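[1] Compute the structure for the input listed below.
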Amino acid sequence: MTASLTALAEELTRRGLVASPEVEDTFVYGLARFDAIDAEVMLNVDPEPEEQEVEPEPAALADLAQRVLSIPAAEWKVLLDRVVSEIEESDELDEVVETAELREDLVLRSVIVFIDAVLLSFDAPKQFPDSSVLVQLDADLAFEAVEVEADDDDDDDEEGGETIEFSTVEELVRRLSM
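    Now for the predicted structure:
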C-alpha cells in the first residue's frame, strides 16, 4: 500500500499538481492550484483500496485530480449555479444565519478525489458558519448531490477526551495529583 501511495504522490508531483504531497495511511494530500478560482485548495487523493477489487493506477487518480483542478471557469460557474439552486430549493435554507448572496459566500476549501467520484468541500461563513457545504461529482465531473453538513463543534479530541482550562498552575497541579 505504501508503495502505491508513494507512486501516487510522485505522479501528482510529476504533473505539477502538488508540489509537496504528504502520504497518510490511505491517501495523499497537499496544496494544489484550482484554476477556475485561481487559488490554492487542499487536494486529497484517496485510492480507497479497501473498496476496490484492484488497486487503482496512480495515473488514473492523477488524471481525475488534474481534470477537476483544471475545470474551465465557465463550467465552474454552471456548477456553482447548480449548487446554489439545489441549496435554495431545499430545506437547508432554514439554517441560514446571515442573508448574503450564497454564490458569493461559497469558498472552496478542499477537493477529495476518489477513483469514481469527487467531493468538493466549501465554507459559506455568512450563510452556514457552523457547517460545510459538500458537493459530490461523478468521475465525469457531473453534479450528483449537495449537502449542508454541520461541522463537528465539540471540543473533544479524537480520543474522546475533553478540554479543561485552568486559571493557575496550582489548579493544574491540584487536578493532576487527584
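
[2] which residue sits closest to the residue nearest the centre of the chain in space, ignoring its chain neighbours?
    The chain has Ser110 as the residue nearest its centroid, 3.5 Å off, counting by CA atoms, centre = their mean. Distances taken as CB to CB, 6 or more residues apart in numbering put Met42 closest to Ser110, at 4.0 Å, once the chain neighbours are dropped. Every C-beta, even on glycine, is put in place using the N, C-alpha and C of the backbone.

[3] Now for the one you found, how many residues are close by?
    Met42: 15 surrounding residues under other CB atoms under 10 Å.

[4] What helices and strands are in contact with the strand or helix carrying Ser132?
    Per DSSP states H and E: Ser132 is located in strand 128-138. Here strand 128-138 touches helix 73-88, strand 117-124, strand 143-150, going by 3 or more CB pairs under 8 Å, 6 or more residues apart in numbering; DSSP states H and E.

[5] Mind checking these for the one nearest to Ser4?
    Distance to Ser4, taken as CB to CB, is lowest for strand 117-124 among the helices and strands packed on strand 128-138, at 19.2 Å.

[6] Strands along this protein, start to end?
    Using DSSP state E, the strands of the chain run over 22-23, 28-34, 39-45, 107-113, 117-124, 128-138, 143-150.

[7] between the last one and helix 73-88, how many degrees?
    When you say that, I think you mean strand 143-150. With axes from the mean of the first three to the mean of the last three CA atoms, to 10 degrees applied, the angle from strand 143-150 to helix 73-88 works out at 50 degrees.

[8] residue ranges with poor pLDDT in the chain?
    1-2, 49, 51-52, 91-100, 153-178 (pLDDT under 70).

[9] Which strand residues bridge the residue nearest to the centre of the chain?
    Using DSSP bridges, the bridge partners assigned to Ser110 are Met42, Ser121.

[10] Who are the contact partners of it?
    Ser110 sits next to Val41, Met42, Leu43, Asn44, Leu120, Ser121 when contact means CB atoms under 8 Å, 6 or more residues apart in numbering.

[11] let's see it at 10 Å
    Neighbouring residues of Ser110 by CB atoms under 10 Å, 6 or more residues apart in numbering: 29, 31-32, 34, 41-44, 119-123, 132.

[12] Quick check: closest non-adjacent residue to Thr13.
    Pro21 (6.1 Å).

[13] my guess is Ala62 meets Leu12, correct?
    Yes. At 5.7 Å, Ala62 counts as touching Leu12 under the criterion of CB atoms under 10 Å.
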